[in-house]
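Peer 1: Provided below for reference: sequence and predicted model.
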Amino acid sequence: MRSFENIVKDLAVDECLGRSAVDAAKSVVADYLIIFNGRSGSSWLTSLLAGRLGNPDEHINPEFLRQSATTVGAVEAKTFMQALRGVAQIDGVFGIEATSEHIAIFGEDVFFKAFPKLTVFHLWRENLVAQAVSLFRATATGYFHSVEGDNPVDPEYNAAKLSEWFRYLAHVENLNVELVERRSLQPINLTYETLFMDKQKTLAVFYRALGMPVPDTDLPVDEKIRKIGGNWSKDTEAKFRQDHAELIASVEAVRKTRLLAMKSCLDNP
């Protein structure tokens, strides 16, 4: 297991910048965490919330941690978390998206003790096969989001790689739920399938959860990030379901979101 200290080892930072960032964290009045999985709608959700309720990005994704440490001026885990809150907060609101694996890099105690009061959201995708198809296509083409230019040519079908991603996403999903249970987090549940049904309703869930008044008028939504799946994704999902029904059934049987009957708060009554 990678640790924060190992990732930022030998990294030189501006400690004066870090002290200023830690001081800025004192102005944070609301913290929230979105526990997520890949291709679950998290990037779209970030674009929806950014500037309104902080900037809930993947601030502790290990791929970005060295740059993040440089930006906030801290290479000690506890100091980094406070400095991050100071730098990434907007108008007193700090938001972050992370998987259980990201949090483990710091250690759960270090991570959760960084927040005086933390509101937790849990985001997952009900259709795990479609999620695996989406991740397979993104990694095969290098095209993850609609803002990255023109949609590339679809990749060739690869059952082995799809199976690998399917198992991986199920594993991360279960790790996320285990974190929720272990820490007794009592999150507000959201699913990919319900996020897009009513954008104003989705926004209102976050405002209310953070104890902030919901704006009286409809909030303008600039959808810079759009769904990029098409007929290829639908056809690939159908083929995978037909060819790997046994694998799918075995994985679905142990999904903790299913076993615990988790439901999105955005589900229609």
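Peer 2: Right, received. Where do you want to start? Predicted model, so just to flag it, every value in this text is computed and none were measured.
Peer 1: where does this structure have low pLDDT?
Peer 2: Applying pLDDT under 70 to the chain flags residues 143-152, 217-229, 269.
Peer 1: which one is the residue most central in space within the chain nearest to, not counting chain neighbours?
Peer 2: For the chain, the residue nearest the mean C-alpha position is Phe36 (3.6 Å; Cα atoms, centre = their mean). Closest residue to Phe36 in three dimensions, ignoring its sequence neighbours and counting by Cβ to Cβ, 6 or more residues apart in numbering: Ser42, at 4.1 Å. The way it works is simple: take the backbone N, C-alpha and C, and place the C-beta from them, glycine included.
Peer 1: helix, strand or coil: sort out Phe136 for me.
Peer 2: helix (DSSP: H, G, I helix; E, B strand; the rest coil).
Peer 1: where do the strands sit along the protein?
Peer 2: 30-35, 93-98, 118-124, 188-191 (DSSP state E).
Peer 1: would you reformat the ones you listed as JSON lines and include distance to Thr257 and mean neighbour count?
Peer 2: Below are the strands of the chain laid out as JSON lines (distance: least, Cβ to Cβ, whole Å; neighbours: other Cβ atoms under 10 Å):
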{"stretch": "strand 30-35", "distance to Thr257": "12", "mean neighbour count": "24"}
{"stretch": "strand 93-98", "distance to Thr257": "18", "mean neighbour count": "25"}
{"stretch": "strand 118-124", "distance to Thr257": "6", "mean neighbour count": "21"}
{"stretch": "strand 188-191", "distance to Thr257": "9", "mean neighbour count": "21"}
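Peer 1: ok, for Ile96, nearest residue in space, not its chain neighbours?
Peer 2: Nearest residue to Ile96 in three dimensions, chain neighbours excluded: His59, at 5.1 Å (Cβ to Cβ, 6+ apart).
Peer 1: so that neighbour versus Thr99, what's the distance?
Peer 2: For His59, the distance to Thr99 (Cβ to Cβ, to the nearest Å) stands at 12 Å.
Peer 1: contacting residues for the residue nearest to the centre of the chain?
Peer 2: Residues near Phe36 by Cβ atoms under 8 Å, 6 or more residues apart in numbering: Ser42, Glu97, Ala98, Thr99, Leu123, Trp124, Asn176.
Peer 1: rerun that using 6 Å as the cut-off
Peer 2: Residues counted as contacts of Phe36 (Cβ atoms under 6 Å, 6 or more residues apart in numbering) are Ser42, Glu97, Leu123.
Peer 1: closest to Asp109 among those?
Peer 2: Nearest to Asp109 among the contacts of Phe36: Glu97, at 20.2 Å, using Cβ to Cβ.
Peer 1: how close does the residue lying closest to that closest one once chain neighbours are set aside get to Thr70?
Peer 2: Closest residue in space to Glu97, ignoring its immediate chain neighbours: Ile34 at 4.5 Å, by Cβ to Cβ, 6+ apart. To Thr70, Ile34 is 24 Å away according to Cβ to Cβ.
Peer 1: now swap in Glu181 and tell me
Peer 2: For Glu181, the distance to Thr70 - Cβ to Cβ - is 35 Å.
Peer 1: could you do Asp267 as well?
Peer 2: Separation of Asp267 from Thr70 (Cβ to Cβ): 42 Å.
Peer 1: neighbour-wise, which of these two wins?
Peer 2: Thr70 (16 against 12; other Cβ atoms under 10 Å).
Peer 1: residues touching stretch 94-113, excluding its own?
Peer 2: Stretch 94-113 is contacted from outside by 2, 4, 28, 31-34, 36, 42, 54, 56, 58-60, 77-78, 85, 88, 172, 175-176, 179, using Cβ under 6 Å, 6+ apart.
Peer 1: in that stretch, what counts as buried?
Peer 2: Neighbour counts over stretch 94-113 (16 or more other Cβ atoms under 10 Å) mark 94-106, 110-112 as buried.
Peer 1: format the CA atom coordinates belonging to it as CSV.
Peer 2: The C-alpha coordinates for stretch 94-113 follow below in CSV (Å, rounded to 0.1, in the frame of the first residue of the first chain):
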residue,chain,number,x,y,z
PHE,A,94,-14.3,22.6,0.9
GLY,A,95,-15.3,19.6,-1.2
ILE,A,96,-13.3,16.5,-2.2
GLU,A,97,-13.9,13.3,-4.2
ALA,A,98,-12.0,10.2,-3.1
THR,A,99,-12.2,6.5,-3.2
SER,A,100,-11.4,4.3,-0.2
GLU,A,101,-8.0,3.6,-1.8
HIS,A,102,-7.2,7.3,-2.0
ILE,A,103,-8.1,7.7,1.7
ALA,A,104,-6.0,4.7,2.7
ILE,A,105,-2.9,6.5,1.4
PHE,A,106,-3.2,8.9,4.3
GLY,A,107,-4.7,6.5,6.8
GLU,A,108,-8.3,6.7,7.7
ASP,A,109,-7.7,8.4,11.1
VAL,A,110,-5.5,11.1,9.6
PHE,A,111,-7.9,11.8,6.8
PHE,A,112,-11.1,11.9,8.8
LYS,A,113,-9.6,13.9,11.7
